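Fold the following, please.
(chains A and B)
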Amino acid sequence: MTTYIIRRLLIIPLLLIGVTLLIFGMLQFLSPVARSALYVRDLPKSEDALDAVIRTYGLDDPLPVQYWRWLVGFKNPVSGEVQGGVLRGELGYSHSAKQPVAKMIAERFPATVELTLWGFFPIVLIGTFFGIQAAIHYNSFYDQLIRIFCITGASMPVFVFGLVALMVFYTKLSWFPPGRMSPWVTQEIQAGTFAIHTSLMTVDALINGRFDVFIDVLKHMVLPILALSYISWATFVRVTRSSMLEELSQDYMITARSKGVAHKAAQWKHAFPNVLLPVITLAGGTFITLLSGVVITETVFNYPGIGSAAATAATSLDVIAVLGISLFNGALLIVANLIVDVLYAVVDPRIRFN
Amino acid sequence: MENEMNLLNDSSAIDRLLVGADRNRKQGWLERRLGTDVVRNVKTFFQTPASIIGMAILVFFMLVALFAPVIAPPMNDQVDPFTIPRDGFKAEPKPPMTEWKRNAPEKNPFWYRWFGIETPTHVLGTTPGQWDILYGVVWGTRTAFKTGVVITVAVTIIGVVIGTVAAYYGGVVDNVLMRIIDIFMTVPFIMAALVLSSVLSPILGRSILAPMIALIAFGWMFYARLIRSNILSVKHKDYVMASRVLGVRDTRIMFRHIIPNAIYPTLVIASMDMGGYVLAFAGLSFLGIGADLGYADWGQIISFSRDWITSLDVYWYTVIYPGTALFLFVLAWNLLGDAIRDVMDPRLRKQKKHD
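As a prediction, the model looks like this:
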C-alpha cells in the first residue's frame, strides 16, 4: 500500500511539469503584448512604451528563459519588487474580470465547491439505483423505460435542457431562479447583517441560523443539479447495469440461491458489493468533473462558479484568465485523481498488489 | 485425419460445429467471406428497434443536409449559403409564420404550397436579432455533419497512429507517449477545448475551425489508449512473430498485420462518439466561441435566446426548434452506438439466450 502511494506521489511532479508546459505552450500562441498581462495591469498606449514593457519583462526571450520566469516570477529591475510567477500564485491580470486571476478564482471557486457537494450525491446515488433496478428487471418494461430515459439524457444538450427548465420553472412558475442567491441576500451580506465564514452559502446560512437564506440558496441550485443529473445518469446506469448483469450471471449467485438465500438478499448482499468498484471509479471522475467547473451548465444558469468564469473570459478573449483557470484546474485534478486512486486501492486489494 | 486436424485449427469451423442445430445450414456467400459472427452481429443490429429508429432519424437528417438548398434556398448566389439571412436587426424575436420583409430568398421553396404559403415567411420564426430559424436549422444540419465527421475522423487517425506506435515499440516510447496522454487528460475536456479555441480564435479569426481544432487536440487520447491495449493483445500472436522472422518491415507489419486485427473496437467506439463531438461543438458555439455571427450552427442559434431568459415562455420557439434538431441528431448517434454495444457485447448475448 505504501509503495503504491509513493509511486503515485512520484508521478505528481512530472504531471505538474507537464501541465505547466502544456499551458505555457498554449500561451505562445499569443503575441508578446498580450502576454504582458501576466505581469502588468494596464498596457501603455504608445508603441515605444509597449516595446519597453516587452523588453523589461523579456517577453521575446528564448522560451526556456521565459518558462522559468513564468514559473517563479521575476524581479523588476526598476521597482525592485518580484512580479508574476505562477508557482507563487500570481496568474496574471484578467482584463474581463478587472482583477487578478488568482483573486477571481478565489472568489468563484467556493460557488463551484458548493454546487459539487450538493450535486454529487443525487447524481451518484440515483444513477446507481436506476442501473441496479434496470439490471434486476432485465429486459422488462421497467428496464426499457430506464434505458430510454437515460439515452435521452445522454443525448440532451445541457444548455437546451437548461433553457427549457428555465422556461418552465423560472419564467412560467418562478420557482427556481438562475444565479446563486436572491438580491436581498446579497444586500444583507453587503449590509453586514449576514456574516460570511466559509463562503459556502448553505453552510454559512446554517452557522448564522438563517433558514430563509439556506432555502434561497438551495432553490438556486435545484435547476443546475437537475440538469447535471439528467445528463450524467446515463453513464451511471450503463456502467452499473452492465456490471450488475455480469455479477447476476456468476456462479456464486446460483450457489447463494440454491442454499436458500432470498432473491433480494442475493442481489443486494452478494452481487451489489461487487458492482461498487466501477461505480466508485465513476463517482470519483464525476466529483472531479463537477469540481473543475461545469462550464456550460454554470453559464446557462448564470451560476457564478469557476466554469462560468472561464466561459466569460474565453468569450471576451481574455486568454490569460482562461489559462490561469485551467492551470488551477489541472493542478486540482492531479491531486484529486491521486486521492481517488488511493481510495480505489484501499477498496480493491487487487490494485494494491498489482 | 489431416482433414479433421484442419477443422480443429479453423476456429470458424469449430464455431460451425458448436452451433449444433444449424450444423447442416448452408452458409451464404457473405457469411463465408465475413464469418458467422460478423454476419450475426450485423443481422441483430438491423433487427434492434433502437438502431432502426436511430438510422431512420439519421437518414432524415442526411436528406435534409443533402437537399438544404432546395428546402431553404439561399438569398442569392453571391452570399455564402451558410450565412443565415437576416430580416432586420430588432432584438425582439418574431413568432412563427411572420411575414418576411428584408433579405427574403428570391424564390419560395417547393414545400410552401403544401401549406398554402404564398409570400416568403419565417415558418419557424426568427431569433433575437432577426435570423431566420428554419434556415439556420436546415443549414445547421450540414454544419453538424461536417464538424462531427471531421472531428471524429481526425481524432481516430491521431489516436490510432499514436496508440499503435506506443504499443508496437513499447519501452521508453510507450512510457513517454502514455505520460503525454496523462498530461493531456489532466485538463477537463470542455475546459481544455475552451482554452485552446479561445487561444486560436484571434489567430484563425471567427470560424468553425478553432473549436474543431481544439476538440481534436483534446479528443484523441481515449482512442490512443484503446487501440494500444488492443494491439498489446495482438502483438504477440504467432503471425506477427512469423512476419518478423520473415524480415517484414516494421511499418508493413504495423499497417498490414497488427492494425487491421486490432482496430475494430476503436472504430466502433469512435463512430459512436460522433454525437458527443457534435454536442461538444454546439456547446462551445453556445458559449460564443467559434463560428462567425449568423453562421448556420445550432449551438449559436440557441445561444441568441439567452438575451430573453426572463420571457422565454413567450419566445419558446427560439430554443425549442434548434434544440430539438440538435437533440435528435445526437440521439440518433447514441441509439446506433447503444445498439452496436449491445450486439458486440458477448456477455449480454449469452444472457439473452438464458432468458
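
What's the local residue count around the residue of the stretch 1-150 of chain A found nearest chain B?
The minimum distance from the stretch 1-150 of chain A to chain B, using Cβ to the nearest Cβ, falls at residue A:18 (3.4 Å). Every C-beta, even on glycine, is put in place using the N, C-alpha and C of the backbone. Counted with other Cβ atoms under 10 Å in any protein chain shown, the neighbours of residue A:18 add up to 19.

For the residue lying closest to it once chain neighbours are set aside, which residues are in contact?
Closest residue to residue A:18 apart from its sequence neighbours, by Cβ to Cβ, 6 or more residues apart in numbering or on different chains: residue B:183 at 3.4 Å. Residues in contact with residue B:183, defined by Cβ atoms under 8 Å, 6 or more residues apart in numbering or on different chains, are A:15, A:18-19, A:21-22.

rerun that using 10 Å as the cut-off
A:14-22, A:330, A:334, B:221 (Cβ atoms under 10 Å, 6 or more residues apart in numbering or on different chains).

out of those, which is most surrounded?
Busiest of these [other Cβ under 10 Å] is residue A:330, holding 25 neighbours.

That residue - that's part of a helix, no?
Yes - Residue A:330 forms part of a helix when assessed by DSSP: H, G, I helix; E, B strand; the rest coil.

surely it meets residue B:191?
Yes - with contact defined as Cβ atoms under 10 Å, residue A:330 counts as touching residue B:191 (9.1 Å).

Stretch B:276-295 near chain A at all?
Yes - Stretch B:276-295 reaches chain A (Cβ under 10 Å from any Cβ of the partner chain) through B:276, B:278-280, B:282-284, B:286-289.

Could you export those residues as TSV, including secondary structure, distance to residue B:31 and pLDDT?
As requested, those are arranged in TSV below (DSSP: H, G, I helix; E, B strand; the rest coil; distance: Cβ to Cβ, whole Å; pLDDT from 0 to 100):
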residue	secondary structure	distance to residue B:31	pLDDT
B:276	helix	33	89
B:278	helix	35	92
B:279	helix	37	92
B:280	helix	39	92
B:282	helix	41	93
B:283	helix	43	92
B:284	helix	45	91
B:286	helix	47	92
B:287	helix	49	90
B:288	coil	52	86
B:289	coil	49	84
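
For ChimeraX, write the select line for the buried members of those residues.
Typed into ChimeraX, the line below selects the buried ones among these, using 16 or more other Cβ atoms under 10 Å in any protein chain shown:
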select /B:276,278,279,280,282,283,284,286,287,288,289
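
Compute the number of surrounding residues for residue 193.
In the absence of a named chain, this looks at chain A. Residue A:193 has 10 nearby residues by other Cβ under 10 Å.

actually chain B
Residue B:193 has 28 nearby residues by other Cβ under 10 Å.

so how far is residue A:162 from it?
19 Å (Cβ to Cβ, to the nearest Å).

do residue B:311 as well
In terms of Cβ to Cβ, residue B:311 sits 16 Å off from residue A:162.

center of chain B, which residue is that?
The centroid of chain B falls nearest to residue B:274 when counting by Cα atoms, centre = their mean (1.9 Å).

Might you report the residue contacts of that one?
B:58, B:144-145, B:147-149, B:151-153, B:329-330, B:332-334, B:336-337.

Cross the residues you listed against helices and list the overlap.
The helices, defined by DSSP state H, take in B:58, B:144-145, B:147-149, B:151-153, B:329-330, B:332-334, B:336-337 from the contacts of residue B:274.

wait, what's in contact with residue 151?
With no chain named, the answer covers chain A. Residue A:151 touches A:234, A:237-238, B:50, B:54, B:330-331, B:334-335, B:337-338, counting by Cβ under 10 Å, 6+ apart.

Chain B is the one I meant
Counted by Cβ under 10 Å, 6+ apart, residue B:151 has contacts B:211-216, B:219, B:273-274, B:276-278, B:280-281.

What sits closest to it if chain neighbours are left out?
residue B:277 (4.4 Å).

Work out for me the element the one you found sits within.
Element membership of residue B:277 [criterion: DSSP states H and E] is helix B:274-287.
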